[in-house]
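Engineer: curious how this folds, go ahead:
(2 chains, ligands or ions: 2)
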Amino acid sequence: MTQAPIRERAVTPDGIGESVGRPDGVPKVKGEFEYSSDLHVDGMLWGATLRSPHPHASIHSIDTSETGTMTGVFAVLTHEDVPGRKVYGMEIPDQPVLAWEKVRYQGEAVALVAADHPETARRALEKIRVDYEVLDPVTDAEAAMAEDAPRLHLSGNVLRRVDVGHGDPGATAEVVVEGEYEVGMQDQAFLGPESGLAIPHGEGGVDLYISTQWLHVDQDQVAESLGLPPEMVRLTLSGVGGAFGGREDLSMQIHACMLALHTSRPVKMVYGREESFYGHVHRHPAKMRYEHGATRDGQLVYVRANLLFDGGAYASSSNAVCLNAATFACGPYDVPNAQIESHMLYTNNPPCGAMRGFGAVQVCFAHEAQMDKLAEKLGMDSVEIRMKNAIEPGMKFPFGQEVPYPAPVREILERVRAMPLPQERESMGRDLRELPGGVSNTTHGEGVRRGVGYAVGFKNIGFSAGFDDYSTARVSLSVEDGKPVARVLTAAAEVGQGLVMVQAQIARTELGVENVVVETADTRIGSAGSTSASRQTYVTGAAVKEACEKVRERVFDLAREEFGESDGLAIEDGNVVSDGLVVAPLAEVLGDAEISETVEFHHRATHPLDENGQGDAHLQFAFAAHRAVVEVDTELGLARVVEVATAQDVGKIINPLALEGQIEGGIAQGLGLALMEEIQIDDGRIQNASFTDYLIPTILDMPPVKIEILELADPEAPYGLKGVGEPPTIASTPAIVAALRDATDRDLARIPVRPEHIVGLEVKP
Amino acid sequence: MKLRLLVNGEPREADIWEGESLLYVLRERMGLFGSKNACEQGECGSCSVYLGGTLVCACLVLAGQAGGSEVVTVEGLSEQGRMHPVQEAFLEAGAVQCGFCTPGLIMATHDLLARNPGPTEAEVREALAGNLCRCTGYEKILAAVQTAAERTGT
Ligand code: FES
Ligand code: FES
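Structural biologist: Ligands and ions are numbered 1, 2, ... in the order given. Sure, this is the predicted structure:
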């Protein structure tokens, strides 16, 4: 038995807590990383989709006869060619794979073509004749609620309603503020378009290489509609160019597989940018009526809210968004009496579903505006009123769940307030690039006013309300080329956030090995659940951690077999050690053995809300506070965000650089919603399906971001960590709008704020 | 039609349909998938390449117009497998998340530093304003450009 003293407990390099680089980083900067739109095999065909030009119409007939005879066209498919279930959907299968009888939104898929060139496919689509009878569209949620509104689905137009009742419904208060707020439809606008490659695998099934957020939920839906058992439809994750919720639903998955099986050829489908706007769900537009009651010293007495969401034509994940909104409607505050109604309606607008923040974003904009209104009415400081009402562990949320530790609402507000404000600078004579509007500005700073605003928000991490949320991980350890190598396989989707390095970091920390290979995610292994709800580091992270722990135990069994009983075994720095002394190099202990363990990690059960909207619905809550400083050119109606400061509790920092990336990126999307991002819909039709007209923040729009991180460990979570992806997107928007209100004294009850809302103010002397 | 190009120093030839963009030809006819298509409208910069030494959006150039020209794509920046300092800086700074914007941003940064080896922050922002990134919020990209400037500058 070799024994050598070890000076101190070795920390495996590149384990958790370090800014480990991305394993996919080198290919990404070299342009060699393969995204789903880059897939290519010889002899492949190009698929294309015919979409409805009408938001609401009956289909009398579809004539494909002209198309079928075109050279280069290999297949033309309609609903009649769907081999299995003709509808799909994550929560409620209500969306036709290809429309029949009716179309319910502009852009709904009606027919498919496969051809040898994308241009041939496009021309073939033009030859398909669809006989539509145009119907009046239902274009807003309020109209959809009307008694005499056309019924868009057999189940009626109400997709979901959640009521939360807490305390005394008749509560009254000394001070009351009311408000009506509106949020426009935001788009995920991931850069990598929907795309994938379907290859018939010769045994009647199909292999699909795809960018998605959840391989297994895709697999189930694709198999169901192809009429195949799930194992005949094998999915492999391809390079994903961002997701943000927009890839949780299917886009071209079933279509590409149908075309591939029909032609017995590989078929690639790639959406263009315009098609992408029709090809995925968006963030729900909302109209929210609020009433807050408080005592004269600013203690909340009650909140009443009526939330109305436009779910669009199909269900997507609207059910869960409706529930989320109802549970977060009051904000992270102690509210003794609450009456919340959350309504989700079907309309003929584009379907809405998951987007970063998932129901918490809309209500946060409203409840934070209300808190500011209350503060103003009472002459209180806007941070003070939030701190006074901040929720604390041990209290109850209005939906009846006990607030778990940690819930540092007061602390993050204090932190963000304590951060130094950026220096105020004379606007006249400044470099034009540093004024609202930049060099295209036609004034020189005369009308520039500054404002500061605060907001705090929170959200659930992981799937809620009784969903059996789990992830599967297989970790194997063996010796390759004389060195111990750990391999991690999960079906978890890396969409850009950095889960691949997090998995490797966990394996290094738990197994004390340097070489970790994170294998390409696919459906050879069980589900990892969705890359959404900020849940993967928690849930898949826990599965990887537990699998590593089991592997480690088996290494210790081997060591004991070979080297005798020893206490305090650990793996450090590539050695198996006993009480700090080296027993043997890990490679020697392993020999030819391959140790492999597969773990399914299920997080603590959650529960659906009861009829009063009460229940332990959520797993974990994450909190972030934001402070925004803006400058408004009141003559031009242009705003520039000068700085965003944030404090967020993350439980445990797994990768500092990646964490900052999540926070900065999330804030950029929050800024976009505050100032520019909206899918404009007129009579059910999208007006701006392009990056020319749907604006997302550029590097000129993004201010510096200052970050303070709290690490208050959640005792239930692996390493104490909290999900980090969504909180930055939630309160950043209301903080920016609060700053705009501070600068302009305008109400600004609708986002995105447009130039006409902030222009034409009197210039202060 | 037949198209001849000098791509990353190598003469290349392809049979193309005259309606194809330079981006399509580079990707689908020549297998150079590093240049990305995220809008095909000149709005996102993901497809940025050098055409005769000038940075262009390859999606806006008809391939036929580029006939006989010299093209450099992101794949042409590394020499003998060694990454260009701009590429290294993007990696180290954490400027890459999904990475779809990365090739375009690296080309734009390469071009900026060639014209202006020591850009101010305002100049960097102005120069990269035509490149959209949806993941990073640009902070780390800015840091990467500054690092790259320090390393390549004189
Ligand atoms: S793809 Fe060329 S600019 Fe967007
Ligand atoms: S890293 Fe995803 S778009 Fe920039």
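Engineer: and the residue positioned nearest the centre of chain B, how far from residue B:93?
Structural biologist: The centroid of chain B falls nearest to residue B:107 when counting by C-alpha atoms, centre = their mean (3.2 Å). Distance of residue B:107 to residue B:93, given as C-beta to C-beta, to the nearest Å: 17 Å. (Glycine included, C-beta is placed from N, CA and C.)
Engineer: number of residues surrounding residue A:129?
Structural biologist: 12 (other C-beta atoms under 10 Å in any protein chain shown).
Engineer: now do the residue lying closest to it once chain neighbours are set aside, the pLDDT please.
Structural biologist: The shortest distance from residue A:129 to any residue other than its chain neighbours is 4.1 Å, reached at residue A:63 (C-beta to C-beta, 6 or more residues apart in numbering or on different chains). Note for residue A:63: predicted pLDDT of 97.
Engineer: equivalent analysis for residue A:573, please.
Structural biologist: Looking at residue A:573, the pLDDT reads 87.
Engineer: low-confidence stretches in the stretch 101-250 of chain A?
Structural biologist: Within the stretch 101-250 of chain A, no range satisfies pLDDT under 70.
Engineer: can you check chain B too?
Structural biologist: Ranges of chain B meeting pLDDT under 70: B:154.
Engineer: what do you get for the stretch 401-550 of chain A?
Structural biologist: Using pLDDT under 70, the flagged stretches of the stretch 401-550 of chain A are A:441-442.
Engineer: number of residues surrounding whatever residue of it ends up closest to ligand 1?
Structural biologist: Residue of the stretch 401-550 of chain A nearest ligand 1, by C-beta to the nearest ligand atom: residue A:496 (17.7 Å). Residue A:496: 30 surrounding residues under other C-beta under 10 Å.
Engineer: can you tell me the element residue A:188 falls in?
Structural biologist: Using DSSP states H and E, residue A:188 sits within no helix or strand.
Engineer: so what's the residue count around it?
Structural biologist: Quick note: residue A:188 (other C-beta under 10 Å) scores 23 neighbours.
Engineer: three-state assignment of the closest residue to it other than its chain neighbours?
Structural biologist: Nearest non-adjacent residue to residue A:188, counting by C-beta to C-beta, 6+ apart: residue A:246, 3.4 Å away. At residue A:246, secondary structure determined by DSSP: H, G, I helix; E, B strand; the rest coil is coil.
Engineer: distance of residue A:246 relative to ligand 1?
Structural biologist: As judged by C-beta to the nearest ligand atom, to the nearest Å, residue A:246 and ligand 1 stand 18 Å apart.
Engineer: is it true that that residue touches residue A:355?
Structural biologist: Yes - using C-beta atoms under 8 Å, residue A:246 is in contact with residue A:355, at 6.7 Å.
Engineer: secondary structure element for residue A:555?
Structural biologist: For residue A:555, the host element (DSSP H and E) is helix A:536-563.
Engineer: what sits closest to the residue in the stretch 651-765 of chain A that chain B sits nearest to if chain neighbours are left out?
Structural biologist: Closest to chain B within the stretch 651-765 of chain A is residue A:664: 3.3 Å, counting by C-beta to the nearest C-beta. Leaving aside its sequence neighbours, residue A:664 sits nearest to residue B:137 (C-beta to C-beta, 6+ apart; 3.3 Å).
Engineer: same check on residue A:460?
Structural biologist: residue A:618 (3.9 Å).
Engineer: how much space between the one you found and residue A:682?
Structural biologist: Counting by C-beta to C-beta - residue A:618 and residue A:682 are separated by 37 Å.
Engineer: list the contacts of residue 80.
Structural biologist: Just going to use chain A. Contact analysis of residue A:80 by C-beta atoms under 8 Å, 6 or more residues apart in numbering or on different chains lists residue A:100.
Engineer: that's a helix at it, yeah?
Structural biologist: Yes - secondary structure assignment places residue A:80 in a helix (three-state DSSP).
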